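Peer 1: Any chance you can model this:
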Amino acid sequence: MDVVDNDLIQSKCIDHHILYKRLCIKQKFLNIYSVNIAQISHIRTMTMFNKINSFLRSYENSLTNDKEFAKKLFDEMPRIIMKHNLHKENVEEGSKVEIKDIKVLKDLQKLVPGSPFDVVYLRKYIPKGKYKTDEIFTKRFEKTNYIYFDIYFQRENVNVYKNRIRKTLKSLDKSSKRKKNVLICLQEIKPLLEFIIVLEEFPQFKLQFPKVTNIQMEKENYEKKFKTLFFKSNTILLAKNFQFSIFQSLTNDVLLDFFNHKKIVDGQVTYERNNNQNVKYYIPALNLYIYNIHSFIYKDKRITDFFQSKGLEFIKNNQKNFFIVGDLNFQMSPNIIQLFTTILNSNDISCSFVETPFYKKKKTFDGYIFRAI
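Peer 2: This is a model prediction of the structure:
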């Protein structure tokens, strides 16, 4: 993994290292790059997840790091909602209604003195037991008919976001110069429309997945329903000087179930990742599965337990080559990294894990896992 990405990280274009691996399969070489480009990044409340967040971690400030401040803010929200009878509003789940009432905004501003906000939305979320924070959310907002506020303290300008994409693609193009059979796995692309607009400046990169045949139609659907590819976080596959046919595999397996955090809630199967975040591709000529991963966070023993109980068996029992790469979100101590690497290596599986920048306490890792038959 020899890509120089310090300039991109220091200039706050990305908050993950660019991964690179050269694969040799059937005497053919593939050059695979991977990087998470944080989605358009606002400093904002994510009330249903009980936190104030910035997707680009290098944007984090005192608001995103103060858990006590966030708790006090969320605890006080129901009082203001009830005071102004906003719990009686007809807010559709999944939509958002901008708050323009000066009295409401003034009451909210009193909760965050010294931290002005750009915009406030009224939203609705009915917990279904899918997320760990559902119980906390229910206790706070059941009385408000599950209506809550989302506050945007600072919004990233869309042109800044597009420039982050542009700089990252330029770096990837430079790093892959004169290389053949290049694949670029990207994670957390949102909004997809803005990414595609920038991608048109790089005709050498061909968008393989997701398949978007009519940009204007998708844009219109996005604006009407907020439920298309343009609204979701996406993993992206680009190709450059690529000679092989590659297909998306739509079949689920234990690896995708793990990375998507599959759960059964009230008899229903649910996932904590959408269908566009962990994607499997297949190259028939190389008998190769490639997994482009933006995983749910997993910690220490849960990682080793899964691979020892299910993951290794699945990989070894399939007569395929496997390459898993991306934002693995593995939260591992040094001892677990050593143990996990030993487990994989002893089963003829190579791996490499790269620490994610900007995590101050609990370190997470991107990386790859590769098995060649």
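
Peer 1: so how far is stretch 122-130 off the chain centroid?
Peer 2: Relative to its chain's centre, stretch 122-130 lies at 20 Å (C-alpha atoms, centre = their mean, to the nearest Å).

Peer 1: Flag every buried residue along it.
Peer 2: Going by neighbour count (16 or more other C-beta atoms under 10 Å), the buried part of stretch 122-130 is 122-125, 127. Any C-beta I mention is one placed from the backbone N, CA and C, and that applies to glycine too.

Peer 1: do stretch 320-330 as well
Peer 2: Residues of stretch 320-330 classed as buried: 321-330 (neighbour count, 16+ other C-beta under 10 Å).

Peer 1: Give me the below-cutoff pLDDT ranges for the stretch 51-200 of the chain.
Peer 2: Low-confidence segments of the stretch 51-200 of the chain, defined by pLDDT under 70: 54-66.

Peer 1: At which residues are the helices of it located?
Peer 2: 62-65, 67-83, 102-111, 134-141, 158-175, 192-199 (DSSP state H, counting those that start in this stretch).

Peer 1: Could you identify which of those helices is most buried?
Peer 2: Most buried of the helices of the stretch 51-200 of the chain by mean neighbour count (mean count of other C-beta atoms under 10 Å) is helix 192-199; its value is a mean of 19.

Peer 1: just how off-centre is that helix within its chain?
Peer 2: 17 Å.

Peer 1: And the chain, split by domain according to the record?
Peer 2: Per the record, the chain has its domains at 6-40+158-371, 43-154, by automatic domain parsing.

Peer 1: so how far is the first residue of the longest one from its last?
Peer 2: Counting by C-alpha to C-alpha, to the nearest Å, the length from the leading to the trailing residue of domain 6-40+158-371 is 30 Å.

Peer 1: now do the same end-to-end measure for stretch 112-125.
Peer 2: Stretch 112-125 end-to-end distance (C-alpha to C-alpha) = 23 Å.

Peer 1: Can you give me the buried ones in it?
Peer 2: 112, 115, 117, 119-125.

Peer 1: what residues does it touch?
Peer 2: With contact meaning C-beta atoms under 8 Å, 6 or more residues apart in numbering, stretch 112-125 is reached by 47-48, 63, 73, 86, 89, 91-93, 95-99, 104-105, 108-109, 137, 141, 145-155.

Peer 1: Equivalent analysis for stretch 88-99, please.
Peer 2: Against stretch 88-99 from outside (C-beta under 8 Å, 6+ apart): 105, 108, 119-126, 145-147, 149-150, 226-227.

Peer 1: let's go with 10 Å and repeat that
Peer 2: Here stretch 88-99 makes contact (C-beta atoms under 10 Å, 6 or more residues apart in numbering) with 81-82, 84, 86, 105, 108, 119-126, 144-151, 225-227, 231.

Peer 1: Then stretch 161-170?
Peer 2: For stretch 161-170, with C-beta under 10 Å, 6+ apart as the criterion, the contacting residues are 5, 7-8, 11-14, 18, 35, 37-41, 56, 156-157, 159, 184, 186, 189-191, 194-199, 201-202, 204-205, 238.

Peer 1: Among those residues, name the buried ones.
Peer 2: Looks like these have 5, 8, 13-14, 18, 35, 37-41, 56, 156, 184, 186, 189-191, 194-196, 198-199, 202, 205, 238 buried, using 16+ other C-beta under 10 Å.
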